[in-house]
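K.L.:
This is a predicted model, with the sequence first.
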Amino acid sequence: MRIRVRGPREKWDSQGEIGNRFDDTVTVLTKVLGTSSRVLVHRTVVEMFRQYSQRADFSYQDSLRDRLIVLKEAVVANHLIPKGRHDGIDFDSVENTRLTSPRETGNHDGSYDDLDAAKKSVHAP
């Protein structure tokens, strides 16, 4: 059995190939590890669901390929991004937002680039 591993600089031929490669990986794992490979595959699929903040409400015996299709459809339909892509960003907070006022930057279009300055100008006595 020969396994070809792509180098870090090699590109995938198409986006569809990624799914096919996952299937190939599952096949290789099954040949090497037998039925115990299902544990690895199941955990991988569950982690993928968690990365996209989706509930992994499927059992160990369910078709994991079907679950991946469901996840892909949810990602596309809802424009989801994995957690790692927006870690550190709190969309409900403006604490670390750095904006400066038009006076500070010389912007005469009236836009604010400093939240602190915007707060001061609103609350100035």
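P.N.:
On my side now, so go ahead.
K.L.:
Any regions of the protein where pLDDT drops low?
P.N.:
Scanning the chain for pLDDT under 70 picks out the ranges 1-20, 84-125.
K.L.:
Outline the domain layout of it.
P.N.:
Residue ranges for the domains of the chain, per automatic domain parsing: 15-85, 90-125.
K.L.:
where along this protein do the helices fall?
P.N.:
15-33, 37-51, 64-78, 102-105, 115-123 (DSSP state H).
K.L.:
since we're on the nearest residue in space to residue 29 that is not next to it in sequence, how many residues are nearby?
P.N.:
Among residues not flanking residue 29 along the chain, residue 37 sits closest, at 3.7 Å (CB to CB, 6 or more residues apart in numbering). Where you see a C-beta, it was placed from the backbone N, CA and C, and this is true even at glycine. Using other CB atoms under 10 Å, residue 37 has 17 neighbouring residues.
K.L.:
how far away is residue 37 from residue 56?
P.N.:
Plainly put, residue 37 is 18 Å away from residue 56 if you go by CB to CB, to the nearest Å.
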